[in-house]
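A.B. asks: how would this look folded up:
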Amino acid sequence: MSVVTSHRPAKSTQAVLEALQQLNHATAPDVMDWINRASGSKKVSLTSVYRALNQLVSEARIKPLNFNDGQVRYELNNQHMHHHHLICTRCEKVQMLDSCPFQPVLSELEGKFRVDYHNFEVFGLCASCMQTP
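C.D. replies: So this is what the prediction gives:
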């Protein structure tokens, strides 16, 4: 008699996914804080959050982001809501850029290379900061 086991994600992994559905561009501590506020009694450790984040990145379910501020941020790797970022170097406001400048490259790679995710961030000054000396 064989035993069939189901592959269910760990509770911390599911909680991380739920947190990232609610948070934009979240750091690991942001995710941990959200989970611990939402869960009430049972708390999750930062180590568990990092373990879940690393697993989800390796599965290409989420992607890491580097906004050049010394922190890794994460977001869902949702191809239906594909976007890139404009980051103001003065006020640190993050805006989403809906178009993908890599689309021609991705089309050329089709069948030659499987792209799990890619990042494209543009750094500069937002309209408000351009008006302020």
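A.B. asks: Might you list the low-confidence residue ranges for this protein?
C.D. replies: Along the chain, the parts satisfying pLDDT under 70 run over 1-9, 79-80.
A.B. asks: let's see it at 50
C.D. replies: Counting by pLDDT under 50, the chain contains low-confidence ranges at 1-6.
A.B. asks: And the protein, split by domain according to the record?
C.D. replies: Per automatic domain parsing, the structural domains of the chain span 9-77, 80-133.
A.B. asks: what's in contact with stretch 99-112?
C.D. replies: For stretch 99-112, the surrounding residues in contact (Cβ atoms under 8 Å, 6 or more residues apart in numbering) are H82, H83, H84, V115, H118, F120. From N, CA and C alone the C-beta is placed, and that goes for glycine too.
A.B. asks: out of these, what pair is the most spread apart?
C.D. replies: Checking those against each other with Cβ to Cβ, the farthest-apart pair comes out as H83 and V115, at 15.6 Å.
A.B. asks: returning to that earlier point: what's the most buried one of the domains of the chain?
C.D. replies: Ranked by average neighbour count under the criterion mean count of other Cβ atoms under 10 Å, the domains of the chain are headed by domain 9-77 at a mean of 16.
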